[in-house]
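*Asks:* model this:
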Amino acid sequence: MQHLMDNLDVLLIIGLVLGVIWSNIALLKYSAKFKVPVINKDPLKLDEAHQQASEQQKQQDKAS
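*Replies:* Numbers count the residues shown, from 1 in each chain. Take a look at the predicted model:
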């Protein structure tokens, strides 16, 4: 009877490990569909781009 319990424990552990591996692969496939935006690392350039965009928006609002 003890031998059967040992086999069951081993099979349970193998099943859990395979389940974790399968779920990680599924998560990687799912997350690969997302597009990651490129982040500008220079905050000054980012601020300049933001100011230019807001100025363009103001000009478009005035033209409307």
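
*Asks:* alpha carbons only for contacts and neighbour counts from here, please
*Replies:* OK.

*Asks:* ok, the most centrally placed residue in the chain to Ile25 distance?
*Replies:* Residue closest to the average C-alpha location in the chain (Cα atoms, centre = their mean): Ser31, at 5.0 Å. Distance of Ser31 to Ile25, given as Cα to Cα, to the nearest Å: 10 Å.

*Asks:* and Lys33, by the same measure?
*Replies:* Counting by Cα to Cα - Lys33 and Ile25 are separated by 13 Å.

*Asks:* and His3, by the same measure?
*Replies:* His3 is 33 Å from Ile25, by Cα to Cα.

*Asks:* neighbour count winner among those two?
*Replies:* Ile25 (12 against 8; other Cα atoms under 10 Å).

*Asks:* mind checking pLDDT for the more buried one?
*Replies:* We have a pLDDT of 97 for Ile25.

*Asks:* now do the contacts for it.
*Replies:* Taking Cα atoms under 8 Å, 6 or more residues apart in numbering, we find Ile25 in contact with no residue.

*Asks:* buried residues in the helix or strand of the chain with the lowest mean pLDDT?
*Replies:* Of all helical and strand segments in the chain, the minimum by mean pLDDT, DSSP states H and E falls on helix 43-63, at a mean of 72. Within helix 43-63, no residue counts as buried by 16 or more other Cα atoms under 10 Å.
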